[in-house]
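Undergrad: no sequence for this one, just the structure:
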């Protein structure tokens, strides 16, 4: 059961990972804008940047795994195909994301607004955010649904997989935003800006704490459904729980990707803003972010591997 036996390997896992994170980043930015306006603008900015770059990396990962790139135009040829649906979503979300970035230039480059006069219109930005929210939901859902369309693999044929990928995609997006916000903290000199960044980090770690709990529930229900499902699906679940993939599953996904981040996020939500603890906040936030991102990629690779190796 070697990795070289996989038809869909790490490149497809990368595509699913970046697609989920890209869709989740746009969802996070749109929801943050709707709930708080411009109060936590760093979430909007990093959500726009991460969403756009991740969607591009998703396309590149899919393209790198395609043996016949000259047939790419045929990806749009079947309106009833999940491949056509995903290609259309990606083709739509990337230019929309690039356009959204023009509303949120970096603070260090304010002169960019001179080239984008529409960027001062909150109404126009809100319309784009609604479109990106819908496209983000479509993209993040597609990463799970496209596997379920492979009827020959019962391990993938369940709505719980889409729920798992949705929770994980949103979680990785939130923590990617948290990583860059924490990285920005030492560069900020104004005390008021530091306080706002800490408040931003606090909102992020509380939100992702709930998302990690949802992800734990989703993976539990998913595996239980597979264990008591068709024999092939049960064999796939066994590969993860007690078979050759168990070390990567329990060590890489459960321990590094779920347990460590959850403990760190609880600690940060509880004590992160305390005067004696605040200097550790950015560093611990970055550690939690890296763990969540690593766990998100490992989980997708494991789902692909277990579905093909059973």
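TA: Arrived safely. The structure displayed is predicted, hence computed values, not measured ones.
Undergrad: in the chain, what spans have low per-residue confidence?
TA: Scanning the chain for pLDDT under 70 picks out 1-5, 65-82, 108, 151.
Undergrad: Centre-most residue in it?
TA: Centroid-nearest residue in the chain: residue 21, 2.2 Å away (criterion: Cα atoms, centre = their mean).
Undergrad: Which helix or strand contains that one?
TA: In this structure, residue 21 sits in helix 10-36 according to DSSP states H and E.
Undergrad: Check which helices and strands that helix sits against.
TA: Applying 3 or more Cβ pairs under 8 Å, 6 or more residues apart in numbering; DSSP states H and E, one finds that helix 10-36 contacts helix 41-64, helix 82-101, helix 122-148, helix 159-184, helix 281-309. The C-beta positions use only the backbone N, C-alpha and C, and glycine is treated the same way.
Undergrad: mind redoing it with 7 Å?
TA: Counting contacts by 3 or more Cβ pairs under 7 Å, 6 or more residues apart in numbering; DSSP states H and E, helix 10-36 is packed against helix 41-64, helix 122-148, helix 159-184, helix 281-309.
Undergrad: what angle separates that helix from helix 281-309?
TA: Angle, helix 10-36 to helix 281-309, by axes from the mean of the first three to the mean of the last three Cα atoms, to 10 degrees: 130 degrees.
Undergrad: Measure how far helix 10-36 is from the centre of its chain, please.
TA: Using Cα atoms, centre = their mean, to the nearest Å, the distance from the centre of helix 10-36 to the centre of the chain it belongs to is 4 Å.
Undergrad: one step back: my read: the residue nearest to the centre of the chain touches residue 171, true?
TA: No. Counting by Cβ atoms under 7 Å, residue 21 stays clear of residue 171, with 9.2 Å between them.
Undergrad: so how far is stretch 220-232 from its chain's centroid?
TA: Computed by Cα atoms, centre = their mean, the separation of stretch 220-232 from the middle of its chain amounts to 24 Å.
Undergrad: swap in stretch 209-216?
TA: 13 Å.
Undergrad: Could you do stretch 198-218 as well?
TA: Worked out by Cα atoms, centre = their mean, stretch 198-218 lies 13 Å from the chain centre.
Undergrad: Just say which of the helices and strands packed on helix 10-36 is most tucked in.
TA: Highest mean neighbour count of the helices and strands packed on helix 10-36: helix 159-184, a mean of 25 (counted as mean count of other Cβ atoms under 10 Å).
Undergrad: Which other helices and strands does that one contact?
TA: With contacts taken as 3+ Cβ pairs under 7 Å, 6+ apart, helix 159-184 sits against helix 10-36, helix 41-64, helix 122-148, helix 191-227, helix 281-309.
Undergrad: one more time with 10 Å
TA: helix 10-36, helix 41-64, helix 122-148, helix 191-227, helix 260-271, helix 281-309 (3 or more Cβ pairs under 10 Å, 6 or more residues apart in numbering; DSSP states H and E).
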